[in-house]
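In: Return a 3D structure for these sequence lines:
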Amino acid sequence: MVPTTKDELRKLVTQTTVETYEELTPQLIRLIEQTKHNEALNEGQKQDEISLHMMGYMKSCTNEIIIEVLSEILGIE
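Out: Prediction:
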């Protein structure tokens with residue numbers, strides 16, 4: 001669907017955002033759990049690693065949302 005109004009574009013971006021977050025969340029949870037149970041790290045290091053995981057998750061989600069929305073609009077497979 002190629003949006004023709006801002007409202008349609010907003011709906012497309014929102015739908016894509018929800019789908020992307022749902023798709024990538026299990027990977028983030030797995031990384032966080034691995035970090036929490038890593039006995040080689042102290043608590044501060046664990047929090048730093050979790051923060052890095054969160055930043056990477058946000059970047060990955062943002063990139064994927066942009067790619068998906070643009071490919072939908074441009075008709076790219």
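
In: tell me the pLDDT at the residue positioned nearest the centre of the chain?
Out: Central residue of the chain (CA atoms, centre = their mean): C61, 2.3 Å from the mean position. pLDDT recorded at C61 is 97.

In: for the one 5 residues further on, same thing?
Out: The per-residue pLDDT reported for I66 equals 98.

In: Find the helix or strand that it is a member of.
Out: helix 43-74 (DSSP states H and E).

In: how about that helix: buried residues?
Out: 46, 49, 53, 57, 61, 64-65, 68-69, 72 (16 or more other CB atoms under 10 Å). Where C-beta positions appear, they are placed from N, C-alpha and C, glycine not excepted.

In: Export these as JSON lines, with columns for distance to T20.
Out: Below are the buried residues of helix 43-74 laid out as JSON lines (distance: CB to CB, whole Å):
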{"residue": "K46", "distance to T20": "26"}
{"residue": "E49", "distance to T20": "23"}
{"residue": "H53", "distance to T20": "16"}
{"residue": "Y57", "distance to T20": "10"}
{"residue": "C61", "distance to T20": "5"}
{"residue": "E64", "distance to T20": "5"}
{"residue": "I65", "distance to T20": "5"}
{"residue": "E68", "distance to T20": "7"}
{"residue": "V69", "distance to T20": "10"}
{"residue": "E72", "distance to T20": "13"}
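
In: Just give me the closest of the residues you listed to T17.
Out: Of all the buried residues of helix 43-74, T17 sits closest to I65, with 5.4 Å by CB to CB.

In: Tell me how many other residues crowd T20.
Out: By other CB atoms under 10 Å, the residues close to T20 number 20.

In: tell me the angle of the helix or strand where it lies relative to helix 43-74?
Out: T20 is part of helix 6-36 when elements are defined by DSSP H and E. Helix 6-36 runs at 150 degrees relative to helix 43-74, counting by axes from the mean of the first three to the mean of the last three CA atoms, to 10 degrees.
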